[in-house]
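Participant: structure here, sequence nowhere to be found:
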């Protein structure tokens, strides 16, 4: 799966909002999921950049992915949200300061991060030729 926020991506180029994170409904799709949606620190102000929507899965983008993941559940053993071009693999949840462990406790995590980084380096080299 690639870009799910197609309208938000388009807006970021056509409306001069390159760093915006919301979809066309002004909802941050990263925060529109059922997990911890009712957390007291979630942003309930629609004008803020991290506004999470009127309800969990209130947006068609998150609803579609949620339904697809449930349908394919028996075929999927795991997934990674490749969220940016920074060459970093981040692990959830970003709403707590509690440590969830070290990379050494997650077999394959360093390997995955390294492979993602190499793939991006190779793409950059191909573009510069």
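Facilitator: Yep, it's here. Source: prediction; values computed, not measured.
Participant: where does pLDDT dip in this protein?
Facilitator: For the chain, the stretches with pLDDT under 70 are 1, 80-96, 99-104, 119-129.
Participant: can I see the domain layout of it?
Facilitator: The record, using automatic domain parsing to delimit domains, assigns the chain the ranges 1-79, 80-129.
Participant: need the winner for burial among these.
Facilitator: Burial of these is given as mean neighbour count (mean count of other CB atoms under 10 Å); domain 1-79 ranks first at a mean of 14. For the C-beta atoms, the positions are set from N, CA and C on the backbone; glycine is no exception.
Participant: can you tell me how far the nearest residue to residue 31 once chain neighbours are set aside is from residue 5?
Facilitator: Leaving aside its sequence neighbours, residue 31 sits nearest to residue 52 (CB to CB, 6 or more residues apart in numbering; 3.8 Å). Applying CB to CB, to the nearest Å, the value for residue 52 to residue 5 is 14 Å.
Participant: got it, and residue 24?
Facilitator: Using CB to CB, one gets 9 Å for the distance from residue 24 to residue 5.
Participant: again with residue 29
Facilitator: Distance, residue 29 to residue 5, using CB to CB: 6 Å.
Participant: between those two, what contacts are shared?
Facilitator: Both residue 29 and residue 5 are contacted by 23, 61, under the criterion CB atoms under 8 Å, 6 or more residues apart in numbering.
Participant: could you say which helix or strand contains the nearest residue to residue 57 once chain neighbours are set aside?
Facilitator: If the residues on either side of it in the chain are set aside, residue 57 comes closest to residue 63, at 4.7 Å by CB to CB, 6+ apart. Using DSSP states H and E, residue 63 maps to helix 60-71.
Participant: who are the packing partners of that helix?
Facilitator: For helix 60-71, the contact count by 3 or more CB pairs under 8 Å, 6 or more residues apart in numbering; DSSP states H and E identifies no helix or strand as a packing neighbour.
Participant: go again using 10 Å as the cut-off
Facilitator: Applying 3 or more CB pairs under 10 Å, 6 or more residues apart in numbering; DSSP states H and E, we find helix 60-71 packed against helix 6-14.
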